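1. pasting a predicted model and its sequence here:
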Amino acid sequence: MTRLSVNINKVATLRNARGGNNPSVVQVAKDIERFGAQGITVHPRPDERHITTKDVYDLKEVVTTEFNIEGYPDDRFMKILEEVRPDQATLVPDPPHVLTSNAGWDTVENEKSLTEIISSIKALGIRTSIFVNPNVEMVEGASKVGTDRIELYTEMYATGFLKEPSTAIADYKAAAQKAEALGIGINAGHDLDLNNLKYLVQEIPMMDEVSIGHALICDALYYGLENTIQLYLRELQ
Ligand SMILES: CC(=O)[C@@H](O)[C@H](O)COP(=O)(O)O
Ligand SMILES: NCC(=O)COP(=O)(O)O
């Protein structure tokens, strides 16, 4: 079964809008776990526009499911990993001020640096995942650099799904099959929602985990957080 990790960046965006602690990301994370999600994901960007460095340390104290920290592996990120020791680190090649993640790693071009970074993260006892486009060559590169998992960047799937699901999924299936053959775990995320999730996991049943934030938090405005988590979990069964 594919596990659900809820990305709570947008909870912090709302909290930061007024400068206080409402909503509390710590309380929301605890509730998300209580409502049945199997993980919590955060992406502490350098400008702290949503999740702050302090949030990551606070969450470490309360998260009892899988804690997944996403980010570009600069000195700040590596220090957080060393001190917080999450269950999983997802490496994303984002420049500092990008609006949101918009590309996967070029695992061939960055082979040397990724190999070193992944080896030092694994030495901390943290599972590694690297964000990649659905491209077989990039998956082969991911295998070479020694990552435990890949995270398939699903923005193109989400856009294409609205036109023709079977076309949109094709590259993702090929990439996932390659990853499975190479013995790498498979995560996916970005722009997944209640419309496109079921088809993704039906077509790629060996998917280990999806991380979902933006759409899930938007849905919670209408359905409530507890119901929303149940709706997403139902799509993954
Ligand atoms: C790595 C990834 O796919 C992103 O979806 C990311 O975590 C979202 O970041 P923002 O919430 O800053 O858009
Ligand atoms: N890794 C993807 C993620 O955590 C959430 O992406 P989104 O659902 O906010 O687009």
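-> Sure thing, it's come through. Ligands and ions are numbered 1, 2, ... in the order given.

2. may I have the beta-bridge partners of the most centrally placed residue in the chain?
-> In the chain, the C-alpha nearest the mean C-alpha coordinate belongs to residue 211, at 4.3 Å (Cα atoms, centre = their mean). With DSSP bridges as the criterion, residue 211 is bridged to residue 5, residue 189.

3. how much space between it and ligand 1?
-> As judged by Cβ to the nearest ligand atom, to the nearest Å, residue 211 and ligand 1 stand 7 Å apart. For the C-beta atoms, the positions are set from N, CA and C on the backbone; glycine is no exception.

4. can you start the count at 33 instead of 1 from here on
-> With 33 as the first residue, the last one maps to residue 243.

5. which pLDDT value does the model give that residue?
-> On pLDDT, residue 243 comes in at 98.

6. just checking, it touches residue 186?
-> No: under the criterion of Cβ atoms under 8 Å, residue 243 makes no contact with residue 186, lying 9.9 Å away.

7. can you work out which residues contact both of those two?
-> Listed as contacting both residue 243 and residue 186 by Cβ atoms under 8 Å, 6 or more residues apart in numbering are 220, 221.

8. residues in this protein within reach of ligand 1, list them.
-> Contact residues, the chain versus ligand 1 (Cβ under 6 Å from any ligand atom): 39, 41, 75, 77, 102, 124, 132, 133, 163, 221, 222, 245.

9. could you count how many residues lie near the last one?
-> Residues within reach of residue 245, counting by other Cβ atoms under 10 Å, total 24.

10. now the helices for this protein?
-> Secondary structure of the chain (DSSP state H): helices at 41-48, 57-66, 85-94, 107-116, 143-155, 168-177, 187-193, 197-214, 229-235, 246-255, 257-267.

11. how about the CA coordinates for the longest one, as PDB?
-> Spelled out, that is helix 197-214. Once non-C-alpha atoms are left out, helix 197-214 reads as follows in PDB (Å, rounded to 0.1, in the frame of the first residue of the first chain):
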ATOM      1  CA  PRO A 197      -4.500  10.200 -18.200                       C
ATOM      2  CA  SER A 198      -3.000   7.300 -20.200                       C
ATOM      3  CA  THR A 199      -0.600   9.700 -22.000                       C
ATOM      4  CA  ALA A 200       0.300  11.600 -18.800                       C
ATOM      5  CA  ILE A 201       1.200   8.400 -16.900                       C
ATOM      6  CA  ALA A 202       3.400   6.800 -19.600                       C
ATOM      7  CA  ASP A 203       6.800   8.300 -18.700                       C
ATOM      8  CA  TYR A 204       6.100   7.800 -15.000                       C
ATOM      9  CA  LYS A 205       5.400   4.100 -15.400                       C
ATOM     10  CA  ALA A 206       8.600   3.700 -17.400                       C
ATOM     11  CA  ALA A 207      10.600   5.600 -14.800                       C
ATOM     12  CA  ALA A 208       9.000   3.600 -11.900                       C
ATOM     13  CA  GLN A 209       9.600   0.300 -13.700                       C
ATOM     14  CA  LYS A 210      13.300   1.200 -14.100                       C
ATOM     15  CA  ALA A 211      13.600   2.200 -10.400                       C
ATOM     16  CA  GLU A 212      12.000  -1.000  -9.300                       C
ATOM     17  CA  ALA A 213      14.300  -3.000 -11.600                       C
ATOM     18  CA  LEU A 214      17.300  -1.200 -10.000                       C
END
